[in-house]
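In: 3D model of this:
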Amino acid sequence: MPRGEAGDSGEESFDTEEFPGGEVRGRPELSDLDSYAGVDELGPRSHEYGDDSETSLDGPDAAYSAGGGAGGGIGGVGQLGDNVVLGPVPDLQGTEDLELHELDDQGGPEAAVDPNGPEARRELLKVEAELNQRWPETKIEPSLSRISALVNVLGEPHRGYPVLQVAGTNGKGSTTRMIDALLTRMGLRVGRYTSPHLQLVTERIALDGAPISAARYVDLYHDIAPYVAMVDGAGQPDAPPMSKFEVLTGMAFAAFADAPVEAAVIEVGMGGSWDATNVADADVAAITPIGIDHVEYLGSDLAGIAAEKAGIIKSGSVVVIAEQDPEVLKVLLARAVEVDASIARAGSEFGVLSREIAVGGQLLKLQGLGGVYDEIFLPLHGAHQAANASLALAAVEAFFGAGAERQLVIEAVREAFAEVEMPGRLERVRSAPTVLLDAAHNPHGAKALAAAVAEEFAFRRLVGVVAVMSDKDARGILEALEPAISDIVVTVNNSPRAMPLEELNALAIEVFGEDRVIAESAMDSAIETAIGLVEQGDNPEESMSGGGVLITGSVFTAGEARTLFGKEPS
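Out: This next block holds a predicted model:
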């Protein structure tokens, strides 16, 4: 099993601890790295089977529609990176003595069908309308019975590839994307499943680092719909049908099997034990920082929340754990011991040795399970993203069986991190004045956001645009943001679950004081007002210098703002 060894860095040291158990099964040896011209050869030999959100945005992509949909700010759905799907190839016919040119087919070639074009988008909306008739992710009946039944009738697609699973309260999406980038750079074909989405539901299922097309999403749904109906009909009369999230999870598993992928990185939707993604037995479980969120579903007891999330740790697996509250760590370690999982902890077997603020991000030196990785440029801001990078690296090392004196190819690691893209995470969408957006949606995330802004940006004046969901700790979010923001414009996003403007405005006045709060009834006008505040002054050019706008409070808020600024789903 992997062991972390701290180098003589003279910086922060990490204790070395040998894990119980043996080597990670089914992983290639990484010794004799000089034999690798690159890293394409690295990959799992085989997959050995074991035993057996912010809550989602349930409307039909209202944030995308806010920008005009197919005719709006992002120029339609656009090309998201999938291969263009061609229409039927016509039969080529001709006489025996006539050589037929490939385009001479009695009428010419059929036009290529845009898998993200208007027709595909219309079909996507129809599918979403059907799925939205099911239980949303805001309604939960804790059970794996329905998703288990679905994957069973589908032929267990989730067992056709090794799985890395990510749970926690904050940083799940970022860590999942970093793992995806690292595995891809190591030469694997990777599937990624995340939730919720920022702008378009197709973002949730990604292949080769890009969302699947609208047409592929529609095809996946129609492929599994008969089996979903079978599961719905097999339950007791009073049993709930499959939820939307359960169906989407089945679609993701099927998409990855069809691709096929060589590894799947799966983000837990909510909790862990009873989340639909947990029907898979992950080879590697990554646990990001755990805090209090989704109180109405997970409760307010930190140890209880940790126990729920610890459910993704399976027998014989490796669990990599971010820095945690001591109470949380105790619960996670107990679960690992119970199921005989190997353990690697941030601050012990791996971690961030040093970080320096750099143009466009930060320069990191990371302690991995197999040694030190230096000169890592991460184009993201904040100490929390450095910690996410360290966790992602340890997860990928564990996946490949790295350990003492056996590292991943460091150039490949550098390249993977340098190319990471993280939409909606302190993302710059405009300059002069700078406009940033972030999907922070709970006090823990808002606190990390405020710290990153204060540390890495020297704003003369920073105006916040904030819209939150009604089921979130709005006061806690506002209190976390208050030290970093000069003024705040409160508004609403297009979600039906958005906190009413009057309620959010009242809370903001209590936290910021009436003279620092402005209320606007729509996101676009709120952004315009915030930019106007930043540009105030006798000399507009001078006053604009050093000013900024921060849009945050919800995943839905960040997604709607992204659309308004013309950003494509990614």
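In: and the strands in the stretch 401-550 of the chain, which stretches?
Out: Here the stretch 401-550 of the chain has its strands, by DSSP state E, counting those that start in this stretch, at 427-430, 434-437, 461-466, 487-490, 517-519, 547-552.
In: what residues does the shortest one touch?
Out: Contact partners of strand 517-519, identified using CB atoms under 8 Å, 6 or more residues apart in numbering, comprise 487-491, 501, 504-505, 508-509, 529, 533. For the C-beta atoms, the positions are set from N, CA and C on the backbone; glycine is no exception.
In: what strands flank that strand, and is each parallel or antiparallel?
Out: Using DSSP bridges, strand 517-519 pairs in its sheet with strand 487-490 (parallel).
In: ok so, going back, quick check on the contacts of strand 517-519: which are buried?
Out: Those of the contacts of strand 517-519 that meet the buried threshold are 487-491, 501, 504-505, 508-509, 529, 533, by 16 or more other CB atoms under 10 Å.
In: can I get those residues in TSV with distance to P115?
Out: Output for these, formatted as TSV (distance: CB to CB, whole Å):
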residue	distance to P115
D487	44
I488	41
V489	38
V490	39
T491	34
L501	39
L504	39
N505	43
A508	43
I509	48
T529	39
L533	42
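In: about what we covered before: adding distance to A392 and mean pLDDT, write the strands of the stretch 401-550 of the chain out as CSV.
Out: CSV is the format used below for the strands of the stretch 401-550 of the chain (distance: least, CB to CB, whole Å; pLDDT from 0 to 100):
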stretch, distance to A392, mean pLDDT
strand 427-430, 19, 96
strand 434-437, 22, 97
strand 461-466, 29, 97
strand 487-490, 33, 98
strand 517-519, 38, 98
strand 547-552, 23, 97
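In: would CSV of those with distance to I343 be doable?
Out: Formatted as CSV, the strands of the stretch 401-550 of the chain follow (distance: least, CB to CB, whole Å):
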stretch, distance to I343
strand 427-430, 34
strand 434-437, 36
strand 461-466, 39
strand 487-490, 42
strand 517-519, 47
strand 547-552, 34
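In: please report how far L150 lies from P226.
Out: Noted for L150: a distance of 11 Å to P226, by CB to CB, to the nearest Å.
In: who's in contact with L124?
Out: Applying CB under 8 Å, 6+ apart to L124 gives the contacts 201-202, 214, 217-218.
In: what does K126 give?
Out: Going by CB under 8 Å, 6+ apart, the list of residues near K126 reads V218.
In: does V320 count as helix, strand or coil?
Out: strand (DSSP: H, G, I helix; E, B strand; the rest coil).
In: pretty sure it is touching N388, no?
Out: No. Using CB atoms under 8 Å, V320 makes no contact with N388, being 11.6 Å away.
In: which of the strands of the stretch 401-550 of the chain sits closest to A206?
Out: Smallest distance to A206 across these (CB to CB): 17.5 Å, for strand 427-430.
In: could I have that closest one exported to CSV, CA atoms only?
Out: What follows is strand 427-430, C-alpha atoms only, in CSV (Å, rounded to 0.1, in the frame of the first residue of the first chain):
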residue,chain,number,x,y,z
GLU,A,427,-13.5,32.6,-12.0
ARG,A,428,-12.7,35.9,-13.7
VAL,A,429,-15.3,36.7,-16.3
ARG,A,430,-14.5,40.4,-17.0
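In: please renumber the chain so that the first residue is 336 from this point on.
Out: Shifting the count to begin at 336 puts that one at strand 762-765.
In: what's that strand in contact with?
Out: 769-773, 884, 893, 896-897, 900, 902.
In: quick check: which ranges of the protein have low pLDDT?
Out: Within the chain, the segments meeting pLDDT under 70 span 336-446, 628-633, 872-880.
In: show me the residue sitting in the middle of it in space.
Out: When CA atoms, centre = their mean is applied to the chain, the residue found nearest the centroid is G508 (2.5 Å).
In: thinking again about what came up before, between L485 and P561, which is the more surrounded one?
Out: Comparing L485 with P561 by neighbour count (other CB atoms under 10 Å), the higher total belongs to L485, at 26 against 9.
In: ramachandran angles for that one?
Out: phi -70, psi -50 (degrees, to the nearest 10).
In: picking that back up, which one of the contacts of strand 852-854 sits closest to I625?
Out: L839 (26.7 Å).
In: was I right about the closest one contacting V801?
Out: Yes. Contact criterion CB under 8 Å: L839 and V801 qualify, at 7.4 Å.
In: any common contacting residues for those two?
Out: Counting by CB under 8 Å, 6+ apart, the residues touching both L839 and V801 are V825.
In: now for A785: which residues touch it?
Out: A785 neighbours (CB under 8 Å, 6+ apart): 815-816, 818-820.
In: so how far is M577 from S856?
Out: 37 Å.
In: looking at the two, which one has more neighbours?
Out: M577 (24 against 9).
In: hang on, the earlier thing: most surrounded residue in the contacts of strand 762-765?
Out: Top of the contacts of strand 762-765 by neighbour count (other CB under 10 Å): A896, with 33 neighbours.
In: ranges for the helices of the stretch 636-785 of the chain?
Out: 637-644, 661-673, 718-735, 745-753, 778-791 (DSSP state H, counting those that start in this stretch).
In: contacts only, for V687.
Out: With contact taken as CB under 8 Å, 6+ apart, V687 is in contact with 347, 699-702, 718, 721-722, 724-725.
In: pull out the buried members of those.
Out: Neighbour-count burial (16+ other CB under 10 Å) applied to these gives 699-702, 721-722, 724-725.
In: which pair in the residues you listed spans the largest distance?
Out: So, those by CB to CB: farthest apart are K700 and A722, at 13.4 Å.
In: longest helix in the chain, please.
Out: The longest helix of the chain (DSSP state H) is helix 549-569.
In: ok, then the element right after it?
Out: Next helix or strand after helix 549-569 toward the C-terminus (DSSP states H and E): helix 579-593.
In: and that next one, C-alpha only, in PDB?
Out: Taking Å, rounded to 0.1, in the frame of the first residue of the first chain, the C-alpha atoms of helix 579-593 are listed here in PDB:
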ATOM      1  CA  LYS A 579     -34.200  12.300 -11.100                       C
ATOM      2  CA  PHE A 580     -30.700  12.000  -9.500                       C
ATOM      3  CA  GLU A 581     -30.900   8.200  -9.500                       C
ATOM      4  CA  VAL A 582     -31.800   8.100 -13.200                       C
ATOM      5  CA  LEU A 583     -29.000  10.500 -14.000                       C
ATOM      6  CA  THR A 584     -26.600   8.300 -12.000                       C
ATOM      7  CA  GLY A 585     -27.700   5.300 -14.000                       C
ATOM      8  CA  MET A 586     -27.200   7.300 -17.200                       C
ATOM      9  CA  ALA A 587     -23.600   8.200 -16.200                       C
ATOM     10  CA  PHE A 588     -22.700   4.600 -15.400                       C
ATOM     11  CA  ALA A 589     -24.100   3.500 -18.700                       C
ATOM     12  CA  ALA A 590     -22.300   6.300 -20.600                       C
ATOM     13  CA  PHE A 591     -19.000   5.300 -19.100                       C
ATOM     14  CA  ALA A 592     -19.400   1.600 -19.900                       C
ATOM     15  CA  ASP A 593     -20.400   2.400 -23.500                       C
END
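In: pull out the buried residues from it.
Out: By neighbour count with 16+ other CB under 10 Å, helix 579-593 contains the buried residues 579-593.
In: my read: V770 touches G883, true?
Out: Yes. Look at V770 against G883 with CB under 8 Å: they come within range, at 7.1 Å.
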